[in-house]
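A.B. asks: After the sequence you'll find the predicted model.
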Amino acid sequence: MKILFLTSSFNSMAQRLWIELDRLDHQVRVHVVQEEVSMEVAVEDFQPELIIAPYLRSKIPSRIWKNYLTWIVHPGPPGDRGASSLDWAIIQEKESWGTCILEAAEKMDSGGIWGYATFKMRAGSKASIYRQESTQASVKALKQALEHLKLPDFRPFRPEEIQDSPKGKWNPKCKQKDYAIDWNLSAEVLLKKFWAADSEPGVSIELKGQQYFAYGAHLEERLTGKAGEIIAKRHEAICIACGEKALWITHLKKDASNSLKLAASKSLGELADHILLDELDPFSAISYESFREIQYTQKGKAGYISFDFYNGAMNSDQCRRLKDCIQQAKQRDIQILVLMGGSDLWSNGIHLNEIEASQNPEDASWENILAIDDLIQEIILSPDQYIISAMRGNAGAGGVPMALAADKIFAREGIVLNPHTRQMGLFGSEYWTYLLPKRIGTEKATRFTEECLPWGTAVAKEIGLIDDVFGEDQISFETELDERVQKLAALPYFDKLLLAKKLQRRKDERVKPLESYRKEELEHMWKNFYENNWGYKEKRQAFVYKIPIALAQHSQRDWYSSRRKIYRRRKWESISYKE
């Protein structure tokens, strides 16, 4: 079937749905929407059999949906209407929620329901729930809708006809008054408002006489102080006292045009210099809720390192701290080291926001790429431990080769992988020229890094990029992961696995030294950073400031993806809004 995606951004939700439709042999064209006329041009040019809006902030013109079957992917259950569905679900503490595939209609979200799926709400931010439960529900709802489309006598449901789902209602778009903060309230009450506003629009707060939007809130149960005062900092996050307990805020964005979302201490600048430093290392066992980006736990002969960096971006300091943690973990009495990444995002490579905000972005880029290369080298050169990458969340750019540096790669079902950097004007480093061909061969590695397509876990497993996929949600993934790790550690021939690993590394080194891969990659990256030969500066700025023109320019070429063991081909075309 010819399907047209109309979307405001080809975000993780849109990518996941594109991947699923590709698996079902549909031909999907992606159009990134900038204005109504571009939608009409896209429809007229492609003549789709079905239009899907997976993430759309603009209204679809009636002359489109009156002439073409058009579905809206709405992140709310039957009856729910409005632009802030998940925000209200968190604020109102809903126990369960869902996703609907709605037929486009004159009134917002009022069309018939072609498919729906529900999920149990959990404590977490809007961004986290969107990436996990909401995305999984959207896939189920879309597949159900496609099955219904095959039935000649199917009539879309009305909300009142559906009994096995939570019901929503019309809610206005959330405004700052709905997130309004009174620091005299308890931290648990305030936390939900921060979660509802993450990652957009953020919660407006005043600090040191300056207005900021705040993001990345975490509960703190030990530190206390006068409500509303900054009482501590840790790894560039700040801790603000509440009426009861306190909250860590990891990121701030100044309430001004062209401001960037940055680590809280960086946003505060010199104002953060006199804030009390409260350190918490990855290895300390604590019995209270607090915040730390890197955490180590041990179960028998297996060590686990989680690294939960906001939006998956890793600055130079974070790379160094993670490398230090891995070094220390390898000195402990363990046979296996499991790298867990974050709960929603494994890693997205270097930190473009911080690079752009630095005084010298070229030098900052160079420092960051060297730091992440050092980190990945530390993972590769681990002869005495078997390393497992346990990818609980999406990964992109340098985060993918970072996972490939391990001996075994497991992934949660449904995560999205983007193992490429060309669309950012970068050749890429992170030892990808060694790690990716080693997994899937030179030809595929070259083609896929140039095509810049998102990968699903099913395809990734089929071609050997990852070893196995399991667990639809975090709990099931981590439960099975623990079982597999403990069985692996108990193997009677485990020592032979380490011996084989050492022999393979020696063989690889004789064929081509690891340092040679790094040197060649960095020669390309130097030109990308300092000569801007691939437009890295402009593409970076467009990315961090969310300038649509960069995406439009990038989308003017046709993209082809190879799927299902490279036997069939699907086409993804994306039209510039200028056309």
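C.D. replies: Yes, it's here. Numbering: from 1, shown residues only.

A.B. asks: What strand or helix carries Thr99?
C.D. replies: strand 96-103 (DSSP states H and E).

A.B. asks: Need the phi and psi values for the nearest residue to Ile113 once chain neighbours are set aside.
C.D. replies: Closest residue to Ile113 apart from its sequence neighbours, by C-beta to C-beta, 6 or more residues apart in numbering: Phe157 at 4.2 Å. Glycine gets a C-beta too; all of them are placed from N, C-alpha and C. Main-chain dihedrals, Phe157, degrees, to the nearest 10: phi -70, psi 150.

A.B. asks: picking that back up, buried set for the strand holding Thr99?
C.D. replies: 97-103 (16 or more other C-beta atoms under 10 Å).

A.B. asks: now swap in stretch 437-445 and tell me
C.D. replies: 439-440, 444-445.

A.B. asks: Also stretch 123-138?
C.D. replies: Buried residues in stretch 123-138 (16+ other C-beta under 10 Å): 124-138.

A.B. asks: Over to stretch 490-509?
C.D. replies: Here stretch 490-509 shows 497-498, 501 as buried, counting by 16+ other C-beta under 10 Å.

A.B. asks: for stretch 51-63, same thing?
C.D. replies: 51-56, 60.

A.B. asks: Of all pairs in those, which one is the farthest apart?
C.D. replies: Ile51 and Tyr55 (13.6 Å; C-beta to C-beta).

A.B. asks: related to what we said a few turns ago, out of the buried residues of stretch 51-63, name the ones that lie in strands.
C.D. replies: Among the buried residues of stretch 51-63, the residues falling in strands (DSSP state E) are 51-53.

A.B. asks: how about those in JSON lines, adding pLDDT and distance to Ala313?
C.D. replies: Rendered in JSON lines, the data for those read as follows (pLDDT from 0 to 100; distance: C-beta to C-beta, whole Å):
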{"residue": "Ile51", "pLDDT": "97", "distance to Ala313": "33"}
{"residue": "Ile52", "pLDDT": "97", "distance to Ala313": "29"}
{"residue": "Ala53", "pLDDT": "96", "distance to Ala313": "28"}
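
A.B. asks: Now Ser84. Nearest residue, chain neighbours left out?
C.D. replies: Cys174 (3.9 Å).

A.B. asks: I'd assumed the one you found was in a strand, is it?
C.D. replies: No. Assessed with DSSP: H, G, I helix; E, B strand; the rest coil, Cys174 is coil; it does not lie in a strand.

A.B. asks: Distance check, it against Cys242.
C.D. replies: From Cys174 across to Cys242, the span is 21 Å (C-beta to C-beta, to the nearest Å).

A.B. asks: Tyr68 now?
C.D. replies: Counting by C-beta to C-beta, the gap from Tyr68 to Cys242 is 51 Å.

A.B. asks: same question, Tyr130
C.D. replies: For Tyr130 relative to Cys242 (C-beta to C-beta), the value is 26 Å.

A.B. asks: Check Pro201 too.
C.D. replies: Counting by C-beta to C-beta, the gap from Pro201 to Cys242 is 21 Å.

A.B. asks: Compare these two and say which is more crowded by neighbours.
C.D. replies: Cys242 (24 against 16; other C-beta atoms under 10 Å).

A.B. asks: ok, now how distant is the residue lying closest to that one once chain neighbours are set aside from His218?
C.D. replies: Excluding its sequence neighbours, the residue lying closest to Cys242 (C-beta to C-beta, 6+ apart) is Ala187, at 4.3 Å. Separation of Ala187 from His218 (C-beta to C-beta) stands at 10 Å.

A.B. asks: host element of Tyr212?
C.D. replies: strand 210-220.

A.B. asks: Any regions of the chain where pLDDT drops low?
C.D. replies: 548-579 (pLDDT under 70).

A.B. asks: Would you mind finding the longest helix in it?
C.D. replies: helix 361-380 (DSSP state H).

A.B. asks: and it, what does it pack onto?
C.D. replies: Helices and strands touching helix 361-380, by 3 or more C-beta pairs under 8 Å, 6 or more residues apart in numbering; DSSP states H and E, are helix 316-330, helix 352-357, helix 399-404, helix 514-526, helix 536-544.

A.B. asks: Could you list every helix and strand in contact with the very next helix or strand once past that helix?
C.D. replies: Next along the chain after helix 361-380, taking DSSP H and E as the criterion, comes strand 386-391. The contact analysis (3+ C-beta pairs under 8 Å, 6+ apart) places strand 386-391 against strand 336-341, helix 399-404, strand 408-412, helix 474-489, helix 494-511.

A.B. asks: got the angle for strand 386-391 vs helix 361-380?
C.D. replies: Angle of strand 386-391 versus helix 361-380, following axes from the mean of the first three to the mean of the last three C-alpha atoms, to 10 degrees, is 130 degrees.
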